[in-house]
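**Student:** Curious how this folds, go ahead:
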Amino acid sequence: MKRLHFLGYAVFTALTVMFFLNHFNKPLPSVRDSKTLIVVTPNGPNTYYIKDAEEYAGFEYDLVNLFVKELGPEYSVKFVMTDHVADVIPELLDNKGHIAAANLSITSERQKKVLFGTPYQIAQQRLVFHKDNLNPPKAINELTGKRIVVPADTSYAQRLQKLSKTIANINWHEDKKANTEELLEQVNIGTLDYTIADSHLVSILQNYYPNLEQGISTGDPEKIAWAFPKNVDPWLYEKSVKFFSKISQDGTLFHLVDRYYGHAKRLDPLDVTKFLSMTRSTLQKFAPLFKDAQENTDLDWRLLAAVSYQESHWDQYNTSPTNVRGLMMLTEETADHLGVTDRLDAKQSIMGGARYISQLKKRVPESVPEPDRTWMALAAYNIGYSHVEDARVLAEKLNKNPNRWADVKTTLPLLNKPEYYANAKFGYASGGAPVIFVESVRTYYDILQKYAAPHTSIFPSFSLSK
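**Tutor:** Next up, the predicted model:
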């Protein structure tokens, strides 16, 4: 009797376990059947983040949306968010998503668990420390005795594990709670000596955390790719291969990389430090005027503030040797055209500059998408629209895309070379200056988007991430 009771209990337990396993590990409907691609990704500056209110951005976010668009108009995407990169592959293997688009490096350890798709970026791991560190390691063998903290179960931890087999006494720790950005922030404020991160991510975050310094690489570069379960639907995998082949050949991938990383290394840490300080002081005085200008032009007040800082460092009395004046550094001719009677009046200058940028954007052909349309308008703000058009014409002659800022910013500097400006409609131009201007504005704008709240305009604002 007891034996039958035990067997009955065992059968009940087994059935219960099977129920829960089937319930929680139930395979996802195929993308072809459901018409919905489910993507696992971590919240982060180079993957997926909330930009403003319900507006989303991120390199992986844009890349995935391009892929879904390629699948067809009947397809949609759903993102499954994780707090840490270490959670991405477990979530994928737990049938929470069809793919993982998470800035994942291809490592031998990860390849045992998942199937990687076509690589689309290269990552270089670097040691990161505070800029006041007077004795950072100059070679790998100098890591001995240094305290290094990295997020748990990441490619950084895997790399340190390998190094520890050949270098004695590497003092490293895997933090199970912190992500890479949190550890970089700790280095920035001086509470952590060292961490390791991919160089392209550090380049972005140095504009928010100016005390960060990149040091030695910890090994060979790694390729980044999307991850799939090993039992992935061959149809979905093949679609991804064709997608990456297409965007690599037609320049889409190049332009997307430029959108997120092309301007990241433009500013000196001292410039960033000063800018962050002034956002907490001087900017507060002029912020209401920038917001008023947004109400009138539908240009994000933070973009206008970034332009103003690049032009005048928010000095309303700034005057150049060529008599360009005010917060937006308007020429006398432009001021007259805009009806600005006093360029040193902050309200007139900001409103005039905003209206001028808005006018320039309208001159840019409709074939130019955002955010490239805005960057070209800003280049025109700096050097004149005619020279931007010359650069676009030159881009087309050189088999580049005249509708993409990533290509036009390579042809603008050529307008100071006789072999190019001799055939340009508007002749010589110091084309390097607008490139520096736009890339600097982009960086300041990024910083303001992180630290300053958006302003709800009476108009629906355009999105620079679309």
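
**Student:** Who are the contact partners of the residue most central in space within the chain?
**Tutor:** Nearest to the geometric centre of the chain sits Y260, at 3.6 Å (CA atoms, centre = their mean). Y260 sits next to 46, 58-59, 204 when contact means CB atoms under 8 Å, 6 or more residues apart in numbering. Heads up, the C-betas are built off the backbone N, CA and C, glycines and all.

**Student:** which one of these is nearest K274?
**Tutor:** Proximity to K274 was ranked across those by CB to CB; first place goes to I204, at 19.0 Å.

**Student:** so which strand or helix has that closest one?
**Tutor:** Element membership of I204, judged by DSSP states H and E, is helix 199-205.

**Student:** Name the residues that touch that helix?
**Tutor:** Residues from elsewhere that reach helix 199-205 (CB under 8 Å, 6+ apart): 45-46, 103, 121, 123-126, 128, 180-181, 184, 212, 214, 217, 260-261, 264-265, 446.

**Student:** Which ones among those map onto strands?
**Tutor:** Cross-referencing the contacts of helix 199-205 against strands under DSSP state E gives 103, 121, 123, 125-126, 128, 212, 214, 217.

**Student:** mind putting the residues you listed in JSON lines, neighbour count, pLDDT and distance to V77 included?
**Tutor:** Shown next, in JSON lines, are the ones in strands among the contacts of helix 199-205 (neighbours: other CB atoms under 10 Å; pLDDT from 0 to 100; distance: CB to CB, whole Å):
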{"residue": "N103", "neighbour count": "27", "pLDDT": "91", "distance to V77": "17"}
{"residue": "Q121", "neighbour count": "19", "pLDDT": "92", "distance to V77": "20"}
{"residue": "A123", "neighbour count": "20", "pLDDT": "90", "distance to V77": "24"}
{"residue": "Q125", "neighbour count": "24", "pLDDT": "94", "distance to V77": "30"}
{"residue": "R126", "neighbour count": "19", "pLDDT": "94", "distance to V77": "32"}
{"residue": "V128", "neighbour count": "28", "pLDDT": "96", "distance to V77": "33"}
{"residue": "L212", "neighbour count": "22", "pLDDT": "91", "distance to V77": "33"}
{"residue": "Q214", "neighbour count": "16", "pLDDT": "93", "distance to V77": "34"}
{"residue": "S217", "neighbour count": "14", "pLDDT": "93", "distance to V77": "34"}
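
**Student:** Pull the most distant pair out of the residues you listed.
**Tutor:** Taking CB to CB as the measure, the ones in strands among the contacts of helix 199-205 have their most distant pair in Q121 and L212, spaced 20.5 Å apart.

**Student:** just the helices in the stretch 251-400 of the chain please.
**Tutor:** Taking DSSP state H, counting those that start in this stretch as the test, the helices found in the stretch 251-400 of the chain are 252-261, 269-279, 282-297, 301-312, 332-338, 346-363, 372-383, 385-397.

**Student:** among these, which is nearest G190?
**Tutor:** From the helices of the stretch 251-400 of the chain, taking CB to CB, the stretch that ends up closest is helix 269-279, at 14.2 Å.

**Student:** Give me the helices and strands touching that closest one, please.
**Tutor:** helix 432-451 (3 or more CB pairs under 8 Å, 6 or more residues apart in numbering; DSSP states H and E).

**Student:** could you give the mean pLDDT of the helix it packs on?
**Tutor:** For helix 432-451, the mean pLDDT works out to 92.

**Student:** and L414, how many neighbours does it have?
**Tutor:** 19 (other CB atoms under 10 Å).

**Student:** Quick check: closest non-adjacent residue to it.
**Tutor:** Y420 (4.4 Å; CB to CB, 6 or more residues apart in numbering).

**Student:** if I look at that neighbour, how far off is K400?
**Tutor:** 13 Å (CB to CB, to the nearest Å).

**Student:** any weak-confidence spans in the chain?
**Tutor:** 1-25, 51-55, 264-266, 457-466 (pLDDT under 70).

**Student:** switch the cut-off to 80
**Tutor:** Along the chain, the model assigns pLDDT under 80 to residues 1-26, 44-46, 48-57, 167-169, 262-270, 321-322, 457-466.

**Student:** Show me how it divides into domains.
**Tutor:** 2-120+224-261, 125-220, 269-451 (automatic domain parsing).

**Student:** Please report how far F286 lies from K361.
**Tutor:** Taking CB to CB, one finds F286 at 22 Å from K361.

**Student:** can you check D87 too?
**Tutor:** 41 Å.

**Student:** do L71 as well
**Tutor:** From L71 to K361 the distance is 32 Å (CB to CB).

**Student:** Between the two, point out the one with more neighbours.
**Tutor:** Ranked by neighbour count (other CB under 10 Å), L71 and K361 place K361 first, with 21 against 18.

**Student:** How about the more buried one, nearest residue that isn't a chain neighbour?
**Tutor:** Going by CB to CB, 6+ apart, K361 has A377 as its nearest residue, at 4.2 Å.

**Student:** Now do the same contact list for the one you found.
**Tutor:** Contacts of A377 (CB under 8 Å, 6+ apart): 357, 360-361, 363-364.

**Student:** try 6 Å this time
**Tutor:** Applying CB atoms under 6 Å, 6 or more residues apart in numbering, we find A377 in contact with 357, 360-361, 364.

**Student:** next one: D175
**Tutor:** 149, 151.

**Student:** Mind doing that once more with 10 Å?
**Tutor:** 84, 149-152, 154, 157, 182-183, 186, 192, 195 (CB atoms under 10 Å, 6 or more residues apart in numbering).

**Student:** what do you get for N169?
**Tutor:** Taking CB under 10 Å, 6+ apart, one finds 143-146 in contact with N169.

**Student:** which neighbours does whichever strand or helix holds W226 have in its sheet, and in what orientation?
**Tutor:** W226 is part of strand 222-228 when elements are defined by DSSP H and E. Paired strands of strand 222-228, with direction, are strand 99-105 (antiparallel), strand 115-116 (antiparallel), strand 121-123 (antiparallel) (DSSP bridges).

**Student:** Nearest to G427, out of the ones in strands among the contacts of helix 199-205: which one, please.
**Tutor:** The closest of the ones in strands among the contacts of helix 199-205, once distances to G427 are taken by CB to CB, is Q121, at 39.0 Å.

**Student:** Thank you kindly, that will do.
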